[in-house]
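Visitor: build me a structure from this.
(chains A and B)
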Amino acid sequence: MKTNKTYNLQFLLLFVILVLCFFTNISLGSVSIPFKSIFNGLFGTIENSSWQVIITDFRLPKAITAILVGSGLGISGLLMQTLFRNPLAGPFVLGISSGASLGVALVILGSGLFGGLFATALTTKWSIVIAASLGSFLVLLAVLAVSNRVRDTMAILIIGLMFGSITAAVVSVLSYFSSAEQLQQYIFWGFGSLSNLSWSELIIFFGIYLVGLLLSILSIKGLNSLLLGDNYAKSLGLNLKQNRLVIIIATSLIAGTITAFAGPIAFIGLAIPHLTRQIFTTSNHKILLPAVCLFGAIIMLICDSIAQIPGSDYVLPINAITALVGAPVVIWLLVRQRKMIF
Amino acid sequence: MSKDAKNTILKTENLSIGYKTKKGDTVVASTINFELRQGQLIGLVGANGIGKSTLLRTLIKVQPNLSGSIFLNHKDLKETSTIELAKQLSIVLTEQLTSKNLSVYELVALGRHPYTNWIGNLSTEDTQKVNEAIELVNISDLKEKKCFELSDGQLQKVMIARALAQDTDIIVLDEPTTHLDMYHKAYILKLLQKLTKETGKTILFSSHEIDLAIQLCDTMIVMTNDSLVCDQPCNLIEDGVFNSLFPKDMIAFDTKTGSFKITQ
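Guide: Model prediction:
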């Protein structure tokens, strides 16, 4: 699809803002490091070795995580909103986040059932990542199995929400029988976190993200024909079922890994595509896809910078900040719905 | 005879349409036989609920037929792939667009999807076809407008331009004149007539504007409870087909004026 307008200026501007946010994010933290040393630190030529460790092992991975999480959630939100023709769809409508929550809840809250040494082994970081991935993967498989039998795209949306309710119910039953300590650990996972990712974890994260991104790029043409509706898309030669499958897999890969590594981060996936449409005033996915990437990354970096409360030792839960940014956006969208661009 | 056969774009043979359910088939209409030729404007008329939409949905392969066959360019529709079909048949439906946040140009350009590469970039030929379609339908002044800014009549023209840009042998429109005022109803149908003449495409549309269709169409398909007739409008009037279209307690067909009158 060709657009008469080119958006080069907007893209350039967004990219510059992204770079600025990236450096600001790295320069902020409980230990204050001068801006000049940050540059040296990034290239490994810093004089202070503890600063070097802080930058390369903590702040840099965290900033990269923020970029991956923000852009990834933006992409999956965009894919879901177009696929489900619903402006309120987000990356988690397929039950991905609830699946992950169930997996993590089983590991953390259910670990008491196994007791002793086994319990401590279960609640390591990797076991949580694996449990979250398995959980979201299993829910996804269920949704995929159902979606192959269901013709109506809307039905998949409802089924995803139903899976969400079921898993939420199981989680509350588990919480009822858990100790306060376990509950606290589960709640902390639910806050979401961009830090604590090692470089090796980041590489795995990035690898899966890249596959999802590639699938999304391959679906651009299909997504554009879906703007006309299912029947028109089919009349344009689109293989609806195959296209739907690719879009769902791409979303699950991206949103699933993000939830596994960073927890269930709310609102970003829903709010970013809307913000992007307001600024780029188009529905062409060839423009929107790179735009939500940039926008998501920027917002996530900003949220993370706010979460660190510049100049203090406290770090607020990232989920609280994204919701504080996201909820007003959703409200604003509903209030001005008559002019909402979708 | 052989020349006629060459010009046939769409043909049905003992077609039976309806819905497949677990309890058995619900037949809406059966033994449908007609042939649509190149460059013709064909109007499909019938009372509400008689199965016009079902017939159109079956012809555009949205819905499977119960029995019989449909031939598009002499090939069974069942054996025509989605992408082959997209290059031979385009549609204009009554359903709302999912997103109206597209410019008119972008929307018309979507019609080129069967021909564009994996990401949908337009070649020079594609751009040319898009511009041609926009000019044929006379919407050059709307090119930059967003679809949500358009009136119903304008949007209908844009949708027709999109179907034209798809560059197919036949265009099928489901009730293109609903929601339009009298002037725009006539305008759209007149436009369709002009398009068949200028582009040589076959255009099939369903409509409730029987009097307009009688004046403009080359061929009409009339669906009634017990039969489906396909002929030239004047022959249909002579045979009194329109009289059987509706129950006679309210309106009756007047053969002199070619329109329906309230019965006193």
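Visitor: all strands for chain B, in order.
Guide: Here chain B has its strands, by DSSP state E, at B:8-21, B:24-37, B:41-46, B:67-72, B:75-76, B:89-92, B:170-173, B:202-206, B:219-223, B:228-231, B:251-254, B:259-262.
Visitor: just so I know, which of these lies nearest chain A?
Guide: Between chain A and the strands of chain B, the shortest gap by C-beta to the nearest C-beta is with strand B:89-92, which sits at 4.8 Å. All C-beta spots, glycine's among them, are computed from the backbone N, C-alpha and C.
Visitor: the strands of chain B: which one's closest to residue A:272?
Guide: Set against residue A:272 and scored by C-beta to C-beta, the strands of chain B come closest in strand B:89-92, at 33.7 Å.
Visitor: pLDDT on stretch A:131-138, on average?
Guide: Across stretch A:131-138, pLDDT averages out at 83.
Visitor: try stretch A:15-32
Guide: On average, stretch A:15-32 scores 89.
Visitor: repeat for stretch B:153-160
Guide: 95.
Visitor: least confident secondary structure element in the chain?
Guide: With no chain named, the answer covers chain A. Every helix and strand of chain A was ranked by mean pLDDT, DSSP states H and E. The lowest is helix A:116-122, at a mean of 53.
Visitor: contact partners for residue 41?
Guide: You didn't pick a chain, so chain A it is. Contacts for residue A:41 (C-beta atoms under 8 Å, 6 or more residues apart in numbering or on different chains) come out as A:33, A:51-52, A:54-56.
Visitor: correction: the question concerned chain B.
Guide: Per C-beta under 8 Å, 6+ apart, neighbours of residue B:41: B:192-193, B:196, B:203, B:205, B:216-219.
Visitor: how near is it to residue A:36?
Guide: Separation of residue B:41 from residue A:36 (C-beta to C-beta, to the nearest Å) stands at 75 Å.
Visitor: repeat for residue B:201
Guide: Residue B:201 is 69 Å from residue A:36, where distance means C-beta to C-beta.
Visitor: got a pLDDT number for residue 114?
Guide: If you meant another chain, say so; for now it's chain A. 59.
Visitor: I was after chain B.
Guide: What the model reports as pLDDT for residue B:114 is 96.
Visitor: isn't it right up against residue B:83?
Guide: Yes. Between residue B:114 and residue B:83 there is a contact under C-beta atoms under 8 Å: 6.0 Å.
Visitor: between the two, which has more neighbouring residues?
Guide: Higher neighbour count among residue B:114 and residue B:83: residue B:114, with 21 against 14, using other C-beta atoms under 10 Å in any protein chain shown.
Visitor: okay, now the unreliable bits of chain A?
Guide: For chain A, the stretches flagged by pLDDT under 70 are A:1-5, A:112-124, A:151, A:310-311, A:330, A:333-334, A:336-342.
Visitor: run a quick neighbour tally on whatever residue of the stretch 51-200 of chain B ends up closest to chain A.
Guide: Residue nearest to chain A within the stretch 51-200 of chain B: residue B:86 (3.3 Å; C-beta to the nearest C-beta). Neighbour count of residue B:86, defined by other C-beta under 10 Å: 23.
Visitor: now swap in residue B:141 and tell me
Guide: Close neighbours of residue B:141, defined as other C-beta under 10 Å, add up to 10.
Visitor: what does residue A:174 give?
Guide: Neighbours of residue A:174 (other C-beta under 10 Å): 20.
Visitor: tally of neighbours for the residue nearest to it when sequence neighbours are not counted?
Guide: What sits nearest to residue A:174 in space, not counting adjacent residues and going by C-beta to C-beta, 6 or more residues apart in numbering or on different chains, is residue A:109, at 4.2 Å. Using other C-beta under 10 Å, the number of residues around residue A:109 comes to 22.
Visitor: can you give me the helices in the stretch 101-250 of chain B?
Guide: With DSSP state H, counting those that start in this stretch as the criterion, the stretch 101-250 of chain B has helices at B:104-110, B:124-136, B:152-165, B:182-199, B:210-216, B:233-238.
Visitor: one more: the stretch 201-342 of chain A?
Guide: A:220-226, A:230-235, A:240-262, A:268-280, A:285-307, A:318-335.
Visitor: now those helices in JSON lines, with mean neighbour count and distance to residue B:55?
Guide: Output for the helices of the stretch 201-342 of chain A, formatted as JSON lines (neighbours: other C-beta atoms under 10 Å in any protein chain shown; distance: least, C-beta to C-beta, whole Å):
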{"stretch": "helix A:220-226", "mean neighbour count": "24", "distance to residue B:55": "25"}
{"stretch": "helix A:230-235", "mean neighbour count": "22", "distance to residue B:55": "15"}
{"stretch": "helix A:240-262", "mean neighbour count": "23", "distance to residue B:55": "22"}
{"stretch": "helix A:268-280", "mean neighbour count": "25", "distance to residue B:55": "38"}
{"stretch": "helix A:285-307", "mean neighbour count": "24", "distance to residue B:55": "34"}
{"stretch": "helix A:318-335", "mean neighbour count": "17", "distance to residue B:55": "41"}
